[in-house]
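1. What follows is a predicted protein model with its sequence.
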Amino acid sequence: MQLYGYELLELPVIDRADLFLIKAGDQIINHMLTFDRQNEQLALRPEFTASATHYFVANNSANVARWQFAGPVFEDNLNEYEQLAIGAELIGLSGSYADAEVIAMSALGLETLGVPNWRVSIGHVGLIRELLQQFNLDLRTQRYLLHNLTALQDTTRGKQWLLNHFDKQDFKTGESLPTRISYSDQTATMGGRTYDDIIKRMDLKKQRAADRDNLLAAIDFMEDWCQLSGEPHQTFAALMKKIPSSNQAAISLANSWEEAVRLLGVQGIAASKISVNPGLIRTWEYYTGFVFDLYVDNVHVGGGGRYDELGRLIGSIEDVPAVGFTYYGKRLLNTLSPSYFESHERLILRFDDNDAVSSVRWATQIRSHGQGVELLPSTQKLPANAKFATLQNDQMVSYSGKTFNFDQIQQFLTEINRSVHSDG
Amino acid sequence: MDKSLTLALPSKGAIAEPTINFLRDCGLRIEKPNQRQYTGIMPSIPSVSVLFQRVTDVVYKVADGTAQLGITGFDVVKENQNDDLLVVHEKLGYGHCSLVVAVPEIWIDVDDMSDLLDVSLDFREDKQRNIRIATKYPVLAREYLYNYGIHHFTLVKAEGAIEAAPTLGYADLIIDLTQTGTTLRENHLKILNDGVIIESQACLIGNRQALQENPDYLNTVRTLVEYIDAAHHGRGFFQLIANVRGKDAETVARKVASNPITRGLQGPTISPIYASDLGSNSNEKWFTVTLIIANSSLLPAMEYIRSIGGTQTIVSPVRYIFLEQSPIFQRLLTTLSVTHQS
């Protein structure tokens, strides 16, 4: 990520829970680790994006910030409270090239790690939102459909499940609601709501009941939309046909999305690695544009997307263009081949107690050449499969049956790296 | 002598006195030598010492092992779940109440939790704040709200008269215990159709590790649970003793047992009566029939006994019914994965 200009940013482990709750999806909120302190609800960070955006807004950061991060994130999961997250945020830039930069950086990062069997699935939440607007549904119903879009791609649930689930929310009872509240009622306990709030919602419930045809049309449309998944060229051609020609905003979003995918090719990502998935949504609700998931074989190892509204919701006076991604650290590590770890295994320098000063001198020299090294007295047991050199005296170390003096430190390091690669 | 087991009981609150009465009715009278002290004894089981604590503290004391057993509300146990705790008997049969979600009556557009979900989003969007819920049960409340997809809310911790919170303005709705719903109605609140979080009553809890590792404790628990279990079973039955005229014991037994209501637990006990009012030439004799019948069947049983020639029926409550083994204790052994030798 350094090659793309992303600087490491340290973010708080504990933050105000509100920061994460603003646009967390239901699944995330259910699993947030929160606690109360001096009448404030705090949370162990479940991710980095909200914190990074908050930092950007609160510090009036430069117009464009490229930050990378790595560290623990937390969820209320009895099996494993702590997860490792590694990722990046590009804040302050809009445009297809910014979208493509983040997708390419995360995908090619997998190549760098020696993971060949990766693929990326790309969707566009902003386009779905735009398309839903043509059905004149209230915002709450649009939100419901967006949240439950995965049901349309799940053979065990499908359209009927979506409708049944929707009906369970009692939207159909609108017609039986009373039409007015008597004057005497208005003097009763209101619980933070006004007379107008209650009347307004009763009207909305009735409206929802009346909008059922629109709802059915929206579900039918989305069902077709979610079936379009596939390789970029054909999928974009098919989805363009689904967008009404009068909806210029949707066409513009689709063009921008296609442009970002095209830019991935420019960066060397083969079309066979890319799947365009119009029904893709993610668990965080803050996404406003393209979204993507990364897979290695069938393991979901990361993902991200564009989230331009989050900055405003956190305190900026206007939207802040932003895009980012996260690797799920533990899952990703599990996909790495053993040779990856061998090439990064530590070097141990063993020494006798009376050679402590010499061992420190050697270690300092070795580190100054960019090679990490740990000191371990010979009285201590070596870790299994450790790569180690032994300090012979003030002037000499031995490694793999060969000895090297201070002047031969470069040859010594070459020998270490050579053995790694030949082993690998 | 067995190692002394500490039983924590509620010192105050709605189930304090009913607990003492319940144990007394089970034959487990509690003596409190000094009203100001927080300890007592159980004369019928000398190896039990009693510690009086607030209902919430009963849970803490059992969880940390200060007490090995305790009686408290099931709602309190669920709110303060702890791996060291286990529920030995979840339905002691008194202290019934429900933890409910209640909203102002005037919210005529809100009937169930899905409505509340919608309103919680309205608060976020229209009032730029979370809906506020006063409760003493943050854990259960949060879990229940999450299950219904309600994520944007602020729990207002409250003690005392929570029902007044929406009127006083420091909360929009409440999640609280209710027995009859009267107090809620008096405060212009209504329970949502699907707003009952848990049905609660008094329950017996134990410290898992203490019971698992100490056979002396387990012995004492068995004695205590046997009393409770037998009294609990006995409470559902009457003993009925009737004099019935008949040709012989077999004939009377056949008539009595032919009706399922008067069949008893295993069958009737028939004993001959050496009566003086039947002539020596009579073909019929008197027999005493002893039966155990369910409380709800008393009058039909009486009618039937009369119809087969019965009279002078005596009915008395059954104090204990000891089964072959205590089901509650057997379940406890299974939960603890231990075997028991008394």
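-> Received the coordinates, thanks. As the structure is a computational prediction, the values presented were derived from the model and not from experiment.

2. the strands in the stretch 301-424 of chain A, which residues?
-> A:322-328, A:347-351, A:374-377, A:387-391, A:396-399, A:402-405 (DSSP state E, counting those that start in this stretch).

3. Which other helices and strands does the lengthiest helix in chain B contact?
-> For chain B, the helix that runs over the most residues, judged by DSSP state H, is helix B:215-234. Helices and strands touching helix B:215-234, as assessed by 3 or more CB pairs under 8 Å, 6 or more residues apart in numbering or on different chains; DSSP states H and E, comprise strand B:5-10, strand B:85-89, strand B:202-207, helix B:208-213, helix B:327-336. Where C-beta positions appear, they are placed from N, C-alpha and C, glycine not excepted.

4. where does the stretch 201-342 of chain B have low pLDDT?
-> B:275-282, B:339-342 (pLDDT under 70).

5. Where does it get nearest to chain A, which residue?
-> Nearest residue of the stretch 201-342 of chain B to chain A (CB to the nearest CB) works out as B:Arg208 at 17.3 Å.

6. So which bits of the longest strand seen in chain B are buried?
-> The strand that spans the most residues within chain B, counting by DSSP state E, is strand B:189-200. Residues B:189-192, B:195, B:197-198, B:200 are the ones in strand B:189-200 that count as buried (16 or more other CB atoms under 10 Å in any protein chain shown).

7. JSON lines for those, including distance to B:Leu116 and pLDDT?
-> Below are the buried residues of strand B:189-200 laid out as JSON lines (distance: CB to CB, whole Å; pLDDT from 0 to 100):
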{"residue": "B:Leu189", "distance to B:Leu116": "13", "pLDDT": "94"}
{"residue": "B:Lys190", "distance to B:Leu116": "12", "pLDDT": "94"}
{"residue": "B:Ile191", "distance to B:Leu116": "12", "pLDDT": "96"}
{"residue": "B:Leu192", "distance to B:Leu116": "7", "pLDDT": "95"}
{"residue": "B:Gly195", "distance to B:Leu116": "8", "pLDDT": "95"}
{"residue": "B:Ile197", "distance to B:Leu116": "13", "pLDDT": "97"}
{"residue": "B:Ile198", "distance to B:Leu116": "18", "pLDDT": "96"}
{"residue": "B:Ser200", "distance to B:Leu116": "22", "pLDDT": "96"}
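
8. Which members of these additionally contact chain A?
-> Subset of these in contact with chain A: B:Leu189, counting by CB under 8 Å from any CB of the partner chain.

9. Pick out the most distant pair among the buried residues of strand B:189-200.
-> B:Lys190 and B:Ser200 (20.1 Å; CB to CB).

10. near chain A, which residues of chain B show up?
-> Going by CB under 8 Å from any CB, the residues of chain B near chain A are B:103-109, B:111-112, B:114-115, B:117-119, B:121-123, B:125-127, B:131-132, B:146, B:149, B:151-152, B:154, B:166-167, B:169, B:171-173, B:187-189.

11. Which ones among those lie within helices?
-> Among the residues of chain B next to chain A, the members falling in helices (DSSP H) are B:114-115, B:117-119, B:121-123, B:125-126, B:146, B:166-167.

12. Show me which of these are buried.
-> Of these, these count as buried by 16+ other CB under 10 Å: B:114-115, B:117-119, B:121-123, B:166-167.

13. Mind putting those residues into TSV with distance to B:Leu69 and pLDDT?
-> TSV is the format used below for those (distance: CB to CB, whole Å; pLDDT from 0 to 100):
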residue	distance to B:Leu69	pLDDT
B:Ser114	41	86
B:Asp115	43	89
B:Leu117	41	89
B:Asp118	45	88
B:Val119	43	92
B:Leu121	46	85
B:Asp122	48	88
B:Phe123	44	89
B:Pro166	39	92
B:Thr167	41	89
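
14. which two in these are spaced the farthest apart?
-> Most distant of those, by CB to CB, are B:Ser114 and B:Thr167, 25.3 Å apart.

15. which residues are contacting stretch B:166-173?
-> A:189-193, B:101-104, B:116, B:123, B:131-134, B:156, B:158, B:162, B:165, B:174, B:187-189 (CB atoms under 8 Å, 6 or more residues apart in numbering or on different chains).

16. How about stretch B:177-192?
-> Against stretch B:177-192 from outside (CB under 8 Å, 6+ apart): A:188-189, B:75, B:96-107, B:110-113, B:115-116, B:163-164, B:166-167, B:173-174, B:200.

17. That one spans what distance, first to last residue?
-> Taking CA to CA, to the nearest Å, stretch B:177-192 runs 14 Å from one end to the other.

18. List the buried residues in it.
-> Under the neighbour-count criterion of 16+ other CB under 10 Å, stretch B:177-192 has B:177-178, B:183-184, B:187-192 buried.

19. Of those, which is the nearest to B:Arg254?
-> B:Thr178 (51.7 Å).

20. give me phi/psi at the closest one?
-> The phi/psi pair for B:Thr178 (degrees, to the nearest 10) reads phi -140, psi 150.

21. Distance check, it against B:Ser98.
-> Separation of B:Thr178 from B:Ser98 (CB to CB, to the nearest Å): 6 Å.

22. Repeat that for B:Thr56.
-> From B:Thr56 to B:Ser98 the distance is 18 Å (CB to CB).

23. A:Pro46 too?
-> 33 Å.

24. repeat for A:Leu113
-> 55 Å.

25. Farthest pair within the buried residues of stretch B:177-192?
-> Among the buried residues of stretch B:177-192, B:Leu177 and B:His188 lie farthest apart (CB to CB), at 18.0 Å.
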